[in-house]
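Participant: Any chance you could fold what I've pasted below:
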Amino acid sequence: MKRERLLYVDELLGRMVVAGNYHPVGRLEEFHCEQRGDYFHIVEFVIGPAGLMDRLNVSVKALFGKSRGGKVASWDQLDISDREHPRLTCSADDLVDLEI
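Facilitator: Numbers count the residues shown, from 1 in each chain. Next comes the predicted model:
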């Protein structure tokens, strides 16, 4: 039987994500989930200021006249085994750009 890992997302929000070379990529600000049965599974992590605006459902461009960028990592592009120090399993260049 496959063992599911339970995760409390508030343990990760605001944590700095680093690349494999330990350079900071941005803060983990949002999660995109899918419900599967009784559980929710994280399918994407949103990193950077655009993730915070996504979570708060705010358009920075509407408020300040400019957009803020961010990155989207699929569930398998982020190692969260150390919840204090999330780390990319790929290059930051492999992440999808997000503009809010």
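
Participant: Quick one: neighbours of Gly48, just the number.
Facilitator: 24 (other CB atoms under 10 Å). The C-beta positions use only the backbone N, C-alpha and C, and glycine is treated the same way.

Participant: contacting residues around it?
Facilitator: Counting by CB atoms under 8 Å, 6 or more residues apart in numbering, Gly48 touches Val25, Gly26, Arg27, Glu29, Arg68, Gly69, Gly70, Lys71, Leu98.

Participant: Buried members of those into PyMOL, please.
Facilitator: Selection of buried members from the contacts of Gly48 for PyMOL, criterion 16 or more other CB atoms under 10 Å:
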select buried, resi 25+26+27+29+68+70+71+98
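
Participant: so which two of the contacts of Gly48 are the farthest from each other?
Facilitator: Val25 and Arg68 (14.7 Å; CB to CB).

Participant: which one of the contacts of Gly48 is nearest Arg87?
Facilitator: Nearest to Arg87 among the contacts of Gly48, with distances taken as CB to CB, is Val25, at 9.2 Å.

Participant: What pLDDT is listed against that closest one?
Facilitator: With respect to pLDDT, Val25 scores 93.

Participant: Between the two ends of stretch 75-93, how far is it?
Facilitator: In stretch 75-93, first residue to last residue: 16 Å (CA to CA, to the nearest Å).

Participant: Tell me which residues are up against that stretch.
Facilitator: Residues outside stretch 75-93 that contact it (CB under 8 Å, 6+ apart): 7, 11-12, 15-20, 23, 25, 28, 41-45, 71, 73, 94-95.
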